Structures are given as structure tokens and as C-alpha cells.
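Peer 1: Next one to model:
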Amino acid sequence: MIRTTALAVLLAVSFPTVATEQARDKPDLAKAKEIAGGVCVACHGADGNSPAAANPILAGQIPQYIYKQLSNFKAVDGKPAVRNNAIMGGMVAALSDEDMRSLSVYFSQQKMQPSVAKDEKLLADGKTLWRKGDFEKGIPACAGCHGPAGAGLPAQYPRLAGQYAEYTSTQLKNFRSQERANDAEKVMRVIAGKLSDQQISAVSEYAAGLR
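Peer 2: This is a model prediction of the structure:
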């Protein structure tokens, strides 16, 4: 009888806790749409399809990855942001954790309008790097982490398929120069550090054409 009563008490306590956590984690997509249309629209578009190649396309991106980046842009408890960017730092300053989670889900659910590969001369080299890497330079195949079709892998490895080549190229160069340093275990900094400008251009162009 004691064991049965104890189990009943445990279940009574556990179920509300689970329900509370589920309610907390449920994204507020209506609020996210409002934030996207008021705060994010100028750079990323209201639906996450950025009008400018300097800014990433967020539509269709992995939600966990978007949340990680938003969190990394945010300075917490007086400590500098893990990903230092004055513009994005200002944008996320007023966002709550719930706001960032909701925005991440909202953008992930939008239909991506993918970029396209423009430079045919770079595609062959980009394809080789993406699928095979560069053994002599110790560069692994991009497909190993980002997938054969560039779909990515939550939460560390973003979707790169259809992303602006200009944006991808800039981020690779930022990793190479250590200007961007929010990659786990320095994975991207190590890889990008071995890439030449030509290789960065080639693989970025190839990724833009993936679907």
C-alpha cells in the first residue's frame, strides 16, 4: 500500500512538471512572425529569405542551429557574446530565450527561396571538396558533416544547400581568421585554416547550387 501511494504521488508530481515543460517549450509562432516582420525583415526578409547576399537565408534552416546562433550573439551576465557581431548583438538584446526559440522554429518552417550557383568554372573544384575533401591538405569532405545534399545536421552543422555563396564564403574566411569562433571544438576554424581563397570560393559556389 505504501509503495502504491508513493507511486501515485510521484506520478501526480511528474505529470504536471512534464506538461509545464511542454507548454514552456511550445513555440509562439504568432509572436515570432511579428518579431520577424518588425525586427528581422530588413536584413533577412519577413519569411527568412534574405534580399541581400551579405545576409544569410534563414528560411528552411535547422531550428536548433538558428537558436544556437541567436544565443551566441547575445551577451549574458555582462560577458561578451560568443559570436561577436555588433548588429546582431543589438537585435537579440531584447529577445527572451522563448523569443529566440520561437523565431528559430518560425524561420525553419518557412519555404526557402534558394540561391543559385553562378560560376561554372568553380563548380568542379567545389564538388570535389564537398564530396572528397583535399587529402593532401588534411581537409575532410564537407558532406561528412553537412550531408551529401547540404541539408546539415542539428544543431552544430547548418543547412548550406541554396545558401548565398557570398555569405558562406565570408563565414569561412571569418573562421579562417578566427574572427568567428563559435564552432564546437574549433572544427571549422581548423578546416577553414587550410582552405585557400580559391577553395573557399569554389565550395561556397557549389553549396549554393545544392538542393
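
Peer 1: lowest average confidence, helix or strand, in this structure?
Peer 2: The weakest-scoring helix or strand in the chain, judged by mean pLDDT, DSSP states H and E, is helix 2-25 (a mean of 48).

Peer 1: Spatially central residue in this protein, please.
Peer 2: residue 65 (3.6 Å; Cα atoms, centre = their mean).

Peer 1: What helix or strand is that one located in?
Peer 2: helix 63-73 (DSSP states H and E).

Peer 1: Look up how far residue 145 lies from the residue nearest to the centre of the chain.
Peer 2: 12 Å (Cβ to Cβ, to the nearest Å). Heads up, the C-betas are built off the backbone N, CA and C, glycines and all.

Peer 1: show me where the chain has helices.
Peer 2: In the chain, the segments counted as helices under DSSP state H are 2-25, 29-35, 41-44, 63-73, 86-92, 97-108, 120-131, 143-146, 165-176, 187-192, 197-208.

Peer 1: So which of those helices is nearest residue 56?
Peer 2: In terms of Cβ to Cβ, the element of the helices of the chain nearest to residue 56 is helix 165-176, at 5.0 Å.

Peer 1: show me what contacts the closest residue to residue 161 other than its chain neighbours?
Peer 2: Once flanking residues are discounted, residue 161 sits nearest to residue 150: 3.1 Å by Cβ to Cβ, 6 or more residues apart in numbering. Listed by Cβ atoms under 8 Å, 6 or more residues apart in numbering, the contact set of residue 150 reads 130, 159, 160, 161, 162, 207, 210.

Peer 1: Between helix 97-108 and the helix holding residue 65, find me the angle.
Peer 2: 130 degrees (axes from the mean of the first three to the mean of the last three Cα atoms, to 10 degrees).

Peer 1: Please report the distance of residue 67 from residue 122.
Peer 2: From residue 67 to residue 122 the distance is 32 Å (Cβ to Cβ).

Peer 1: oh sorry, the question was meant for residue 202
Peer 2: 4 Å.

Peer 1: Of the two, which one has the most company?
Peer 2: Higher neighbour count among residue 202 and residue 122: residue 202, with 25 against 20, using other Cβ atoms under 10 Å.
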